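Engineer: okay, sequence plus prediction incoming.
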Amino acid sequence: MIYTVTLNPSVDYIVEVEQFELGSLNRTVADTKFPGGKGINVSRVMKRLAVESNALGFIGGFTGKFVEDFLNLEKIPSNFVKVSGDTRINIKLKTEVESEINGIGPNISEDQLTEFFEIFQKMTREDIVVLAGSIPGTLPSSIYKEIIAVCKEKEIKVVADVSGDALKEVISEKPYLIKPNHHELGELFNTEIQSVEEALVYGKKLVKQGVKHVIVSLAEKGALLITENNSYVANVPKGKVLNSVGAGDSVVGGFISAISKDYSIEEAFKIGVAAGSATAFSMELCTKQKIEELLPYIEVNEVKGEER
Ligand SMILES: Nc1ncnc2c1ncn2[C@@H]1O[C@H](COP(=O)(O)OP(=O)(O)O)[C@@H](O)[C@H]1O
Ligand SMILES: O=P(O)(O)OC[C@H]1O[C@](O)(COP(=O)(O)O)[C@@H](O)[C@@H]1O
């Protein structure tokens with residue numbers, strides 16, 4: 001079984017405003033709500049690709065109920081620990097540009113954390129754990145390290161889609177896959193990454209540090225997959241971006257789905273990129289049909305010679 005862990009789920013409130021004016025009353029031209037949080041998006045994308053997963057994490061309140069009901073409706077099994085505060089609402093403001101306000105998340109008690117860790121007891125080495133998203137304010141920043149320690153004992157593969165300090169912590173644990181975007185990769189090395197070539201240099205450093213697979217997404221500029229023996233570069237298809245929320249999560253969901261179906265690493269990478277772009281070109285998360293439509297427009301090439 002693939003378990004996705006979203007410590008800090010959300011209701012994503014997507015608001016469209018024409019000519020937004022700071023400090024004034026603005027009215028929406030459209031708004032929608034979706035369950036969010038990185039692991040939850042990964043589970044939803046995998047479901048669309050007919051790969052089962054179990055969504056774990058902490059939810060609470062009326063917003064938590066919205067998330068749980070939505071997953072039930074999509075027949076995605078979940079086993080969330082219930083907390084007393086409300087699951088956060090993340091605002092995604094679409095004007096001429098996209099802006100986001102992500103909440104800090106509800107309080108999580110010691111007992112609730114213990115309950116969460118108990119779920120890992122039944123996992124086995126055939127399982128995969130996807131750790132994704134931010135850490136709620138009341139949990140220690142070492143939480144991902146603690147989860148990985150439990151996974152290591154059981155020889156469970158760990159995928160991590162996290163950023164900032166959490167990413168630093170996770171890298172030292174040598175996960176199976178990480179997927180920073182180019183900003184997150186740059187932040188890790190205190191630099192700015194603008195191109196695929198620059199991303200390759202820093203992505204390779206992470207593989208040298210023991211991460212098995214590094215996917216670096218660079219939005220419209222393409223994506224990279226770096227493994228111990230090879231590096232691959234992919235273009236992304238051209239299209240109109242409607243809503244990029246969840247695009248990165250879709251790359252992870254697409255890649256893991258394909259790996260779990262024993263596709264080659266290049267093919268899995270291509271499906272991941274197609275899923276990312278299919279989400280970016282949709283109002284909601286990608287569908288299988290949209291992914292399949294985009295696949296012919298994506299080329300994956302091995303990076304050869306010196307550059308490798
Ligand atoms: N402008 C775009 N055109 C085509 N695909 C895009 C675009 N922006 C994002 N994507 C797709 O979404 C993926 C993730 O986007 P990116 O912005 O790099 O990551 P994140 O969403 O994690 O910040 C990309 O690899 C690509 O497949
Ligand atoms: O946990 P964080 O880092 O605050 O991110 C949560 C947000 O990220 C998302 O999972 C989208 O992530 P991506 O756009 O990076 O794929 C939203 O659904 C959610 O609001």
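Structural biologist: Now that the structure is in, tell me what you want to look at. Numbers count the residues shown, from 1 in each chain. Ligands and ions are numbered 1, 2, ... in the order given.

Engineer: show me the shaky parts of this protein.
Structural biologist: By pLDDT under 70, the low-scoring segments of the chain are 305-308.

Engineer: show me where it has its strands.
Structural biologist: Remark: strands assigned in the chain by DSSP state E are 2-6, 10-17, 28-36, 53-60, 78-83, 88-94, 98-101, 128-132, 157-161, 177-178, 213-217, 223-226, 231-234, 300-302.

Engineer: near ligand 2, which residues of the stretch 51-200 of the chain?
Structural biologist: Residues of the stretch 51-200 of the chain lying near ligand 2 by Cβ under 6 Å from any ligand atom: 90, 102, 133-134. From N, CA and C alone the C-beta is placed, and that goes for glycine too.

Engineer: dump those into a markdown table; add neighbour count as well.
Structural biologist: As requested, those are arranged in a markdown table below (neighbours: other Cβ atoms under 10 Å):
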| residue | neighbour count |
| --- | --- |
| 90 | 20 |
| 102 | 17 |
| 133 | 27 |
| 134 | 21 |
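
Engineer: among those residues, which lie within helices?
Structural biologist: The helices, defined by DSSP state H, take in nothing from these.

Engineer: tell me the one among the residues you listed nearest to ligand 1.
Structural biologist: residue 133 (10.9 Å; Cβ to the nearest ligand atom).

Engineer: right, and the closest one touches residue 167 too?
Structural biologist: No. Using Cβ atoms under 8 Å, residue 133 makes no contact with residue 167, being 11.5 Å away.

Engineer: ok, the residues of the stretch 51-200 of the chain next to ligand 2 vs residue 269, which is closest?
Structural biologist: residue 133 (22.0 Å; Cβ to Cβ).

Engineer: out of everything not next to it in sequence, what's closest to that closest one?
Structural biologist: Across the structure, with Cβ to Cβ, 6 or more residues apart in numbering as the measure, the residue nearest residue 133 apart from its sequence neighbours is residue 38 (3.7 Å).

Engineer: list the residues that contact that neighbour.
Structural biologist: Taking Cβ atoms under 8 Å, 6 or more residues apart in numbering as the contact definition, residue 38 lies against 6, 132-133, 161, 248-249, 252.

Engineer: just the CA atoms of stretch 115-127, as PDB, please.
Structural biologist: Extracted in PDB, the C-alpha atoms of stretch 115-127 (Å, rounded to 0.1, in the frame of the first residue of the first chain):
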ATOM      1  CA  GLU A 115      -2.200   7.800  17.800                       C
ATOM      2  CA  PHE A 116      -0.600   8.800  14.500                       C
ATOM      3  CA  PHE A 117       2.600   6.800  15.000                       C
ATOM      4  CA  GLU A 118       0.500   3.800  16.000                       C
ATOM      5  CA  ILE A 119      -0.700   3.600  12.400                       C
ATOM      6  CA  PHE A 120       2.900   2.900  11.200                       C
ATOM      7  CA  GLN A 121       3.000  -0.300  13.300                       C
ATOM      8  CA  LYS A 122       1.000  -2.200  10.700                       C
ATOM      9  CA  MET A 123       3.100  -1.200   7.700                       C
ATOM     10  CA  THR A 124       5.500  -3.600   6.000                       C
ATOM     11  CA  ARG A 125       8.500  -3.300   3.700                       C
ATOM     12  CA  GLU A 126       6.300  -3.500   0.600                       C
ATOM     13  CA  ASP A 127       4.700  -0.200   1.500                       C
END
